[in-house]
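Novice: Model the structure of this input:
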Amino acid sequence: MKNKLFLNTVFFIFTLILFQSCRKVPGIGGEARIYGKIYYKHYNSTFTILINEGYLSDSYVYIVYGDNINYGQRIKTNYKGEFEFKYLYEGKYTVYTYGLDSLAMTSGQLPITENAAIQSIDITQRKEQKQLEDFNVFK
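Specialist: Numbering: from 1, shown residues only. Purely as a prediction, here's the structure:
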């Protein structure tokens, strides 16, 4: 009798652990995707004259899975300024990139620092396709 109770308890605990390990957390492995573009404006050193603008190629974009502190993946934009994070599970994501700090440029602060342009997004469906608003950065 004790042996049967012990086996039932072990089976219950094993089943509970198995179901907990199947719970998906934000990250790679799913079927959803997040995509977008980076738009830049390039000004002169006093930030008074616009020199050039357009979609920014070859620039890093980062994604943070859930409440993690560090980024989970880093990719570069293509020649049209586009990026895409594929194969995501449902959950909360933060996507960011860097651009020059316009306040530091206008105040003459040296060295000119970079600021993060950040967007947060939730994936709520298994095959969801989420487009972010364009990131606007200064280069």
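
Novice: contacts and neighbour counts: CA atoms only from here.
Specialist: Will do.

Novice: so which strand or helix has Ala116?
Specialist: strand 114-123 (DSSP states H and E).

Novice: list the contacts for the closest residue to Glu53 other than its chain neighbours?
Specialist: Of all residues not flanking Glu53 in the chain, Lys41 sits nearest, at 4.3 Å (C-alpha to C-alpha, 6 or more residues apart in numbering). Going by C-alpha atoms under 8 Å, 6 or more residues apart in numbering, Lys41 touches 50-54, 136-139.

Novice: Most neighbours among those residues, which one is it?
Specialist: With neighbours set by other C-alpha atoms under 10 Å, the maximum within these is found at Val137, which has 23 neighbours.

Novice: Hmm, Ile38 and that residue touching each other?
Specialist: Yes - using C-alpha atoms under 8 Å, Val137 is in contact with Ile38, at 7.3 Å.

Novice: What is the nearest of the contacts of Lys41 to Gly91?
Specialist: Asn136 (24.8 Å; C-alpha to C-alpha).

Novice: Check which helices and strands whichever strand or helix holds the closest one sits against.
Specialist: Assigned by DSSP H and E, Asn136 belongs to strand 135-138. Packing contacts for strand 135-138, counted by 3 or more C-alpha pairs under 8 Å, 6 or more residues apart in numbering; DSSP states H and E, involve strand 28-43, strand 91-100, strand 114-123.

Novice: So, low pLDDT: which residues of this protein?
Specialist: 1-24, 102-113 (pLDDT under 70).

Novice: partners of the residue sitting nearest the centre point of it in the sheet?
Specialist: With distances taken as C-alpha atoms, centre = their mean, Ile63 lies nearest the centre of the chain, 2.1 Å away. For Ile63, the beta-bridge partners are Gln73, Val95 (DSSP bridges).

Novice: Would you check that it makes contact with Gly72?
Specialist: Yes - between Ile63 and Gly72 there is a contact under C-alpha under 8 Å: 5.8 Å.

Novice: who wins for proximity to Asn78 among the helices and strands packed on strand 135-138?
Specialist: strand 28-43 (9.3 Å).

Novice: Next SSE downstream of that closest one?
Specialist: Downstream of strand 28-43 (by DSSP H and E), the next one is strand 50-55.
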